[in-house]
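Engineer: this one's structure only:
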């Protein structure tokens, strides 16, 4: 086993282990604040990415770890009947359909590009929410994801779509999520301001 293979395995294992805190929280709160349909659609995107990468003989362990973790959380939420549907679910469903169409009409390589893009786009609402309400505990989890994605990135054998697009994009997304979750510490000047006597003052 060479170093790159070890990095790929470590990245995938780390990604999978990071689902544990969410699984514990789902069990503790009986699924409170989580949606079965949202996690199912996320798991579908990760599965498309994993299978597409396998077809292209690429760096598939990281997306496979995400897919397994996503389906495990989906199963936990299904057991607790958290059956809801929101606007984000509609958007993610459209992204899933688009990725499947890209695979059917194009290639597995195109599906990798489209699915990686779709995952990042689907993460924007969560990023905006985290920016509005920073949470250090959530930021720590995203720091873990950033590390696992970086490990998987350097586990790639070449600078190609199949080997490094997904882990590279996910590492950047995770880093931005971490910054959003800790912006009250890292970027204190971005705190909301209120008007007082015609001047903006720190809240």
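Structural biologist: Good, I have the coordinates. Computed from a prediction, not measured in an experiment: that's the story for all the values here.
Engineer: Can you name the next helix or strand after the helix or strand harbouring residue 177?
Structural biologist: Secondary structure assigned from DSSP states H and E places residue 177 in helix 166-181. Where DSSP H and E defines the elements, the next helix or strand beyond helix 166-181 is helix 183-186.
Engineer: From residue 98, how far out is residue 106?
Structural biologist: Using C-beta to C-beta, to the nearest Å, residue 106 is found at 11 Å from residue 98. All C-beta atoms are positioned from the backbone trio N, CA, C, and that covers glycine.
Engineer: from the middle of its chain, how far away would the helix or strand hosting residue 46 be?
Structural biologist: Assigned by DSSP H and E, residue 46 belongs to helix 36-55. From the chain centre to the centre of helix 36-55 is a distance of 11 Å (C-alpha atoms, centre = their mean, to the nearest Å).
Engineer: Give me the contact list for it.
Structural biologist: With contacts defined as C-beta atoms under 8 Å, 6 or more residues apart in numbering, helix 36-55 is touched by 59-60, 63-64, 66-67, 70-71, 73-74, 77-78, 81-86, 88-89, 92-93, 95-96, 99-100, 103, 108-109, 111-112, 115-116, 118-119, 122, 162, 166.
Engineer: one step back: among residue 106 and residue 98, which residue is more densely surrounded?
Structural biologist: Neighbour count, other C-beta atoms under 10 Å: between residue 106 and residue 98, residue 98 has more, with 15 against 12.
Engineer: Tally up the residues packed near the residue nearest to the more buried one when sequence neighbours are not counted, please.
Structural biologist: Sequence neighbours aside, residue 114 is the residue nearest to residue 98 in space, at 6.4 Å (criterion: C-beta to C-beta, 6 or more residues apart in numbering). As a burial measure, residue 114 scores 22 neighbours (other C-beta under 10 Å).
Engineer: Could you report the separation of residue 114 from residue 100?
Structural biologist: Between residue 114 and residue 100 the computed distance is 9 Å (C-beta to C-beta).
Engineer: where does this structure dip in pLDDT?
Structural biologist: Residues of the chain meeting the criterion pLDDT under 70: 32-33, 81-83, 186, 188-203.
Engineer: how about the helices in it?
Structural biologist: For the chain, the helices defined by DSSP state H occupy 3-17, 19-29, 36-55, 61-79, 87-105, 108-122, 124-132, 136-155, 166-181, 183-186.
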